[in-house]
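Q: below are the sequence and a predicted model for it; my questions follow.
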Amino acid sequence: MARPNLSYLKNVILCLVGLPCGVLSGLTGMGASVLVTPLTRKLLSIGPGARSATALAATLACALGALLPYSQNGDVRWGLVIPLVLGQIFGASLGQGVALRWAEQSRSRFINPIIVLIAGLAMVAGAPTIATISGGRDLPLLIDLGGALIVGLLAGALGRIVGLGVFVVPAEILLLHLRPLEAQGTAIVALAIASLPGMLIYRRTGAFDAQSATWIAFGGLFGGLVGAYNAVHSISAYGQVALYGALASVIGAFWVQSEIGRRAGAGQEQ
């Protein structure tokens, strides 16, 4: 009996990893890297640079897959994309110094996921109110663009400090009063634009596992399309806010549990 082709099996597994990442990204507009990075850490024996490059490739693929349903439904504010991306870039730079100092303190490993958990629970609890205030934007163009820049700055800085970009969509809803679907569709386009340069830089430096990234991206592309289609056609504004908050809560709780397990293991070794 012929032995199974392990390389083929690995590619199938990687594609299946990308699929749920794409679905959740399409449903919520959250970057796929929040799921791809921990999953590839468990499945692939590659360095952190290659994992980051793979996560960026998956984020780009998931965003491209999700873009079609959002854009066809008119849920992308194209004029806000560039100031949003620029704001995130500068905001991340501003938050980098704080993040480095924060990383030196061991308690930050607990505080960071707790912030994400609290933010997610707050979105779930406040979903009816948040869904009501969304969609009420009627602002002059310059104020609109300036608001998008400020949203990007805040989301980029918070994302860099906490280590997770879960604040873009909530900031768009609360500060720009975008509808949840508009916030998610606009964030997805911004994700695609922001992830491309980083992925190319990693590729030029050689820290890029092209085969793994391709198969994860393939699953993410299809998953993003499926997730975005269901978000656009099957979920209410209240449901979108609650779903986003629930996902952030699960990520924060999983992160807290992982840190507890890490500390318990370190304590047993001493």
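A: Alright, I've got the coordinates.

Q: the strand or helix carrying Pro197: what's the following helix or strand?
A: Take DSSP states H and E as the rule and Pro197 turns out to sit in helix 180-205. Tracing the chain past helix 180-205, the next element assigned as helix or strand by DSSP H and E is helix 210-234.

Q: tell me what angle that following helix forms with helix 180-205.
A: 170 degrees (axes from the mean of the first three to the mean of the last three C-alpha atoms, to 10 degrees).

Q: chain center to helix 210-234, what's the gap?
A: 13 Å (C-alpha atoms, centre = their mean, to the nearest Å).

Q: what comes up buried for it?
A: 212-229, 231-232 (16 or more other C-beta atoms under 10 Å). Using the backbone N, CA and C atoms, a C-beta is placed for each residue, glycine as well.

Q: one more: stretch 74-83?
A: Those buried within stretch 74-83 under the rule 16+ other C-beta under 10 Å are 75-77, 80-83.

Q: mark which of those residues are part of helices, please.
A: Using DSSP state H, 80-83 are the members of the buried residues of stretch 74-83 that sit in helices.

Q: buried residues in the helix holding Pro197, which are they?
A: Quick answer for helix 180-205 (16+ other C-beta under 10 Å): 180-195, 198-199, 202.

Q: run through the stretch 151-270 of the chain and note the low-pLDDT ranges.
A: 160-164, 202-203, 206-208, 263, 265-270 (pLDDT under 70).

Q: correct me, but Ala231 touches Leu24?
A: No: counting by C-beta atoms under 8 Å, Leu24 is not a contact partner of Ala231; they are 10.3 Å apart.

Q: would you map the strands across the stretch 1-150 of the chain?
A: In the stretch 1-150 of the chain, no segments count as strands under DSSP state E, counting those that start in this stretch.

Q: quick check: Asn230 vs Leu68, distance?
A: Between Asn230 and Leu68 the distance, using C-beta to C-beta, to the nearest Å, works out to 13 Å.

Q: now swap in Val226 and tell me
A: Distance, Val226 to Leu68, using C-beta to C-beta: 11 Å.

Q: go on, Ala32?
A: Taken as C-beta to C-beta, the span from Ala32 to Leu68 is 16 Å.

Q: ok, Leu14 next?
A: Note on Leu14: its distance to Leu68, by C-beta to C-beta, is 23 Å.

Q: looking at the two, which one has more neighbours?
A: Neighbours were tallied for Leu14 and for Leu68 using other C-beta atoms under 10 Å; the higher tally belongs to Leu14 (26 against 15).

Q: contact partners for the residue nearest to Leu117 when sequence neighbours are not counted?
A: Nearest residue to Leu117, sequence neighbours excluded (C-beta to C-beta, 6 or more residues apart in numbering): Gly252, at 3.0 Å. By C-beta atoms under 8 Å, 6 or more residues apart in numbering, the contact set of Gly252 is 113-120.

Q: now the residues you listed: which count as buried?
A: Members of the contacts of Gly252 classed as buried by 16+ other C-beta under 10 Å are 113-117, 119-120.

Q: from those residues, which shows the smallest pLDDT?
A: Here the lowest pLDDT out of the buried ones among the contacts of Gly252 sits on Pro113, with 80.

Q: list the single closest residue to it in space, sequence neighbours excluded.
A: Using C-beta to C-beta, 6+ apart, the nearest residue to Pro113 is Trp255, at 3.4 Å.

Q: next, the buried residues of the helix or strand where that neighbour lies.
A: In this assignment (DSSP H and E), Trp255 forms part of helix 237-269. By 16+ other C-beta under 10 Å, the buried positions in helix 237-269 come out as 237-238, 240-249, 251-253, 255-256, 259.

Q: does Gly156 touch Gly87 like I think?
A: Yes: judged on C-beta under 8 Å, Gly156 makes contact with Gly87 at a distance of 6.2 Å.

Q: out of the buried residues of stretch 74-83, which one sits closest to Leu64?
A: Within the buried residues of stretch 74-83, the smallest distance to Leu64 is 12.8 Å, found for Val76 (C-beta to C-beta).

Q: show me the contacts for the nearest residue to that closest one once chain neighbours are set aside.
A: Nearest non-adjacent residue to Val76, counting by C-beta to C-beta, 6+ apart: Gly185, 4.2 Å away. By C-beta under 8 Å, 6+ apart, the contact list for Gly185 reads 29, 67, 70-71, 73, 75-77.
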